[in-house]
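# My questions are about this predicted structure, shown below with the sequence.
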Amino acid sequence: MERPAKKRRYDYTLLIVVLLLVSIGLVLLYSTSSYNGRVKFHDSYYYLKKQGFATALGITGMLLVAKIDYHKWVPLANLGYLTAILLSVAVIFVGDEYNGSKRWLSLGPVSFQPSEFSKVAVILFLACLITKNVKQMSKIRTLVKMLVPVLPIVGLVGASNLSTAIIIMGIAVVLIFVASPKYAQFIWMGAAGVGFMGIFLALESYRMERLAIWRNPEMYEKGYQTLQGLYAIGSGGLFGRGLGESMQKLGFLPEAQNDMIFSIICEELGLVGASLLILLFLILIWRFFVIATHAKDLLGALIATGALAHMMIQVILNIAVVTNSIPNTGITLPFISYGGTSVMFLLLEMGLVLSVSNLIE
């Protein structure tokens, strides 16, 4: 008697953690943004309603994408790459500026950040490209060939959004690294990358100014946000002031619901609450690793690895910025910070990884 075929199913641990992070994110966002919403828009729920709508769309998209075999996206990988470049060019010429940064495109009443789409497009594009050239990955010429197509997106995005450009470059390097059988050549690539970053920072005076602010935030007017964030973290103590009881969100910490939301989490929930949130991110990254190592093929493994690199880099950089461990670069905390485009494309990315997990035997 033949044994019945093993039923395929999604990685439910990953799905539960994602839904937990999204739910917690909405609660924390309301707690952090209610004051700003009331002052600016006369509606305490203003930010929550916008984020909630984007989250609902994102979850719907995630569940749809999870049901589609990820191999069916391969023919669209090049189109996604070209779309990312075109959208990045459009931002430079017709993008909307907000808080001094030109990062948005508007389509009627809807505005979105193309850089968030670029992250997903690069993961899929590079995963397909590396899969086609996997037998030549030991040659440095092939590594350069893999990296060169990413540079236009990095350059275009970096013109207005350095933090996202760093994340995209980091994703690309991780994907190429895990697919390469030789590691010594990455020393040269790393040295070249450091040199490139040095030149890139020196080209604009404001980038060097950020380094000075990072070293001595109390000496610069622009260091105000960093200092207020550190005050919030310090005042939270072990267990925090309590959910909704933050003082810094009451106009002291500018745009608290965005990049600096982790400092409010530390203030309201303390070290214990912040550590539990970090633990959820660690579980998420662990599931990406498990899915990547058990994927049906290299393409699936690279898609999961790309999501792992994206999540790991973005979470580490956000927390490092909030704690002033690195200069302020304007990186959001995944699923938690305010941003409809961010949460939508993050959830679509999670759908891709769930699709990979669905084909694991």
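Arrived safely. Residues are numbered from 1 along each chain as shown.
# Only C-alpha atoms from now on, for both contacts and neighbour counts.
Will do.
# residue boundaries of the strands in the stretch 101-250 of the chain?
101-107, 110-112 (DSSP state E, counting those that start in this stretch).
# so which of the ones you listed gets nearest residue 50?
strand 110-112 (11.1 Å; CA to CA).
# Tell me the helices and strands packed up against that closest one.
Using 3 or more CA pairs under 8 Å, 6 or more residues apart in numbering; DSSP states H and E, the elements in contact with strand 110-112 are strand 101-107.
# Where does residue 274 sit: helix, strand or coil?
Going by DSSP: H, G, I helix; E, B strand; the rest coil, the secondary structure assigned to residue 274 is helix.
# Check the contact between residue 176 and residue 142; I expect there is one.
No: Residue 176 is beyond contact range of residue 142, at 9.8 Å (criterion: CA atoms under 8 Å).
# of those two, who's got more company?
residue 176 (22 against 18; other CA atoms under 10 Å).
# Turn the strands of the stretch 101-250 of the chain into a markdown table, columns for mean neighbour count, distance to residue 235 and mean pLDDT.
Below are the strands of the stretch 101-250 of the chain laid out as a markdown table (neighbours: other CA atoms under 10 Å; distance: least, CA to CA, whole Å; pLDDT from 0 to 100):
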| stretch | mean neighbour count | distance to residue 235 | mean pLDDT |
| --- | --- | --- | --- |
| strand 101-107 | 16 | 31 | 74 |
| strand 110-112 | 13 | 35 | 77 |
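# For my notes, confirm residue 337 occurs in a strand.
No: per three-state DSSP, residue 337 lies outside any strand segment and is coil.
# what about this protein, any weak spots by pLDDT?
1-8, 99-101, 108, 185, 189, 192-193, 195-209, 361 (pLDDT under 70).
# The same query, at a cut-off of 50, please.
The chain contains residues with pLDDT under 50 at 1-6.
# The closest residue in space to residue 50 that isn't next to it in sequence: how many residues sit nearby?
Computed as CA to CA, 6 or more residues apart in numbering, the closest residue to residue 50 that is not its neighbour in sequence is residue 340, at 7.1 Å. Counted by other CA under 10 Å, the residues lying close to residue 340 total 22.
# and the gap between the spatially most central residue of the chain and residue 357?
The centre of the chain sits closest to residue 314, judged by CA atoms, centre = their mean, with a distance of 4.7 Å. Per CA to CA, to the nearest Å, residue 314 is found 23 Å from residue 357.
# could you pull out the helices for this structure?
Under the criterion DSSP state H, the chain contains helices at 12-41, 46-67, 77-94, 114-132, 140-147, 150-158, 162-179, 185-203, 205-215, 224-236, 261-294, 298-322, 340-358.
# Deepest in the core, which of those helices is it.
When you average the neighbours per residue for each of the helices of the chain (mean count of other CA atoms under 10 Å), helix 340-358 leads with a mean of 26.
# Next, the contact list for residue 176, please.
130, 143, 146, 147 (CA atoms under 8 Å, 6 or more residues apart in numbering).
# between the residues you listed, which is nearest residue 33?
residue 147 (39.5 Å).
# surely the closest one meets residue 174?
No: counting by CA under 8 Å, residue 174 is not a contact partner of residue 147; they are 10.9 Å apart.
# re the thing from before, what's the residue nearest to residue 50 in contact with, if anything?
Residue 340 neighbours (CA under 8 Å, 6+ apart): 50, 51, 54, 55, 112.
# Kindly recompute the last result at 10 Å.
47, 50-55, 57-58, 111-113, 346 (CA atoms under 10 Å, 6 or more residues apart in numbering).
# could I get those as JSON lines with distance to residue 217?
Below are the contacts of residue 340 laid out as JSON lines (distance: CA to CA, whole Å):
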{"residue": "47", "distance to residue 217": "29"}
{"residue": "50", "distance to residue 217": "33"}
{"residue": "51", "distance to residue 217": "31"}
{"residue": "52", "distance to residue 217": "35"}
{"residue": "53", "distance to residue 217": "37"}
{"residue": "54", "distance to residue 217": "35"}
{"residue": "55", "distance to residue 217": "35"}
{"residue": "57", "distance to residue 217": "39"}
{"residue": "58", "distance to residue 217": "37"}
{"residue": "111", "distance to residue 217": "33"}
{"residue": "112", "distance to residue 217": "31"}
{"residue": "113", "distance to residue 217": "29"}
{"residue": "346", "distance to residue 217": "32"}
